[in-house]
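Asker: fold the following and give me the result.
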Amino acid sequence: MLDAMIPDAPLSLTPERLRAANIHPETRLATDYLNHFNEVVMLLELVPTMPDCIEDVLAWAPATYEQHFIRSHYRDKDLVLEAFAHAPVGVRRRFLAVVEEMDRVMVDTITQLSGQGATPVAGYIAEEAGDRMKHLVARAAGLMNAVIEEDIEEMEPASAQDAIDDLMNG
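Answerer: Presented below is the predicted three-dimensional model:
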C-alpha cells in the first residue's frame with residue numbers, strides 16, 4: 001500500500017477500471033499528463049539545431065494536472081480527474097512538488113530565452129533545460145507508476161524518441 005492516507009474512494013475507482021483508462025491503480029495518476037512536459041522537452045532538444053523552435057518553447061505555459069485533462073480529448077478524463085481527487089495524499093504531494101519544480105525550470109528557461117533569438121547561447125540554455133527536464137519527467141513518471149523512490153534516481157530520462165512515441169500514442 002502506497003499511503004495510509006487515501007481518501008475514501010468511490011466504488012467507480014476499481015483497479016480494473018483504472019488500468020483500462022491508463023491510470024495507475026495505486027497512485028491513481030495518469031501519465032498522459034507528462035505529455036505536457038514531454039512536448040516542451042522535445043522542443044528544447046531541437047533548439048540547438050533548429051533555432052526557430054524557440055518561439056514554440058516561449059509559447060509554453062504551465063498547466064496543472066486538472067487543467068491538462070480538462071482541455072484534453074482524453075477519453076477517460078472524468079475518471080482521471082475523479083481518481084486524482086482520491087489519490088493518496090503523500091503520493092499527490094510528492095508528485096505536485098515535482099510538477100512545481102518542472103514548471104519553475106520552464107518559467108526560468110523561458111525568461112532566459114526571451115530576447116535571445118537564434119544564438120549559440122539560446123542553444124546552450126535550451127540544452128541544459130532539456131537535460132534537467134528529462135530528469136524531472138523521469139522522476140514524475142516514477143512517482144506516478146509507484147516506482148520506489150530510490151529507484152527513481154537511477155531511471156534513465158526519456159529520450160526524444162520516447163517523447164515523440166508518447167505523443168503519437170497518447
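Asker: check which helix or strand covers residue 134.
Answerer: Assigning secondary structure by DSSP states H and E places residue 134 in helix 120-144.
Asker: quick one: buried residues of that helix?
Answerer: For helix 120-144, the neighbour count (16 or more other CB atoms under 10 Å) marks 122-123, 125-126, 129-130, 132-144 as buried. Every C-beta, even on glycine, is put in place using the N, C-alpha and C of the backbone.
Asker: show me how far it is from its chain's centre.
Answerer: Between the centre of helix 120-144 and the centre of its chain there are 11 Å (CA atoms, centre = their mean, to the nearest Å).
Asker: which strands and helices sit next to that helix?
Answerer: The criterion is 3 or more CB pairs under 8 Å, 6 or more residues apart in numbering; DSSP states H and E, and the helices and strands that helix 120-144 contacts are helix 35-46, helix 54-59, helix 89-113, helix 149-154.
Asker: can you do 10 Å?
Answerer: Taking 3 or more CB pairs under 10 Å, 6 or more residues apart in numbering; DSSP states H and E as the contact definition, the neighbouring helices and strands of helix 120-144 are helix 35-46, helix 54-59, helix 89-113, helix 149-154, helix 160-169.
Asker: so for residue 83, which of those sits nearest?
Answerer: Of all the helices and strands packed on helix 120-144, the one in closest proximity to residue 83, counting by CB to CB, is helix 89-113 (10.6 Å).
Asker: coming back round to it: can you put the helices and strands packed on helix 120-144 in JSON lines and add distance to residue 73?
Answerer: As requested, the helices and strands packed on helix 120-144 are arranged in JSON lines below (distance: least, CB to CB, whole Å):
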{"stretch": "helix 35-46", "distance to residue 73": "12"}
{"stretch": "helix 54-59", "distance to residue 73": "20"}
{"stretch": "helix 89-113", "distance to residue 73": "21"}
{"stretch": "helix 149-154", "distance to residue 73": "30"}
{"stretch": "helix 160-169", "distance to residue 73": "13"}
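Asker: want to throw those helices into CSV with mean pLDDT, distance to residue 78 and mean neighbour count?
Answerer: Rendered in CSV, the data for those read as follows (pLDDT from 0 to 100; distance: least, CB to CB, whole Å; neighbours: other CB atoms under 10 Å):
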stretch, mean pLDDT, distance to residue 78, mean neighbour count
helix 35-46, 95, 18, 23
helix 54-59, 94, 28, 17
helix 89-113, 95, 18, 17
helix 149-154, 46, 29, 11
helix 160-169, 47, 21, 14
